[in-house]
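Asker: Pasting the sequence and the predicted coordinates here, then a few questions.
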Amino acid sequence: MSGDPVSFEALAGLWQEGQRRIDAAQGADRTAMERVADELVVELRRRLGGSFTVAELARMYLEGGTDWCFDVAVRVAPGRPAAWDVTAVAGAAFSRYAREASDYALGRRQAAPGADQG
């Protein structure tokens, strides 16, 4: 039994919804939201560094929260309040960054090498 209170798969769905919200935005709001999400990915890379797993990313999200994302959003898009939608921009950023995890496979956690598959 896993000690994770929320599974990566559940968080991945939440994060993907953030990307859908950006995709649904229009014009300058969408452009600003994309810039913010891109900057949040840079910050996630800085905070997690090197190789990481989806469990580590999920733990960062659950334990560290996303309050820091609002500060980044306001700095990157100061005149565009739509880009301060932390649920959307942080969700999209975490979703994008999850793809760089060592155990990411099409939105699901891969089994560890040598793990019992059956």
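Answerer: Yes, it's here.
Asker: Run a quick neighbour tally on Thr66.
Answerer: For Thr66, the neighbour count with other Cβ atoms under 10 Å is 17. All C-beta spots, glycine's among them, are computed from the backbone N, C-alpha and C.
Asker: backbone phi and psi for Phe52, please?
Answerer: phi -150, psi 160 (degrees, to the nearest 10).
Asker: let me redo that: Tyr104
Answerer: phi -80, psi 140.
Asker: Identify the residues contacting the residue most central in space within the chain.
Answerer: Nearest to the geometric centre of the chain sits Phe94, at 0.7 Å (Cα atoms, centre = their mean). By Cβ atoms under 8 Å, 6 or more residues apart in numbering, the contact list for Phe94 reads Leu11, Trp15, Gly18, Leu44, Leu57, Tyr61.
Asker: host element of the fourth one?
Answerer: Mapping Leu44 onto the secondary structure by DSSP states H and E places it in helix 27-48.
Asker: And that helix, how far out from the chain middle?
Answerer: 10 Å (Cα atoms, centre = their mean, to the nearest Å).
Asker: follow-up on the earlier one: and the contacts of Phe94, which is closest to Ala37?
Answerer: Gly18 (7.9 Å; Cβ to Cβ).
Asker: check contacts around that closest one.
Answerer: Gly18 touches Ala37, Thr87, Ala88, Val89, Ala90, Gly91, Ala92, Ala93, Phe94, Ser95, counting by Cβ under 8 Å, 6+ apart.
Asker: which one of the contacts of Phe94 is nearest Ala82?
Answerer: Closest to Ala82, out of all of these and judged by Cβ to Cβ, is Gly18, at 13.2 Å.
Asker: And the pLDDT for that closest one?
Answerer: At Gly18, the pLDDT value in this model is 97.
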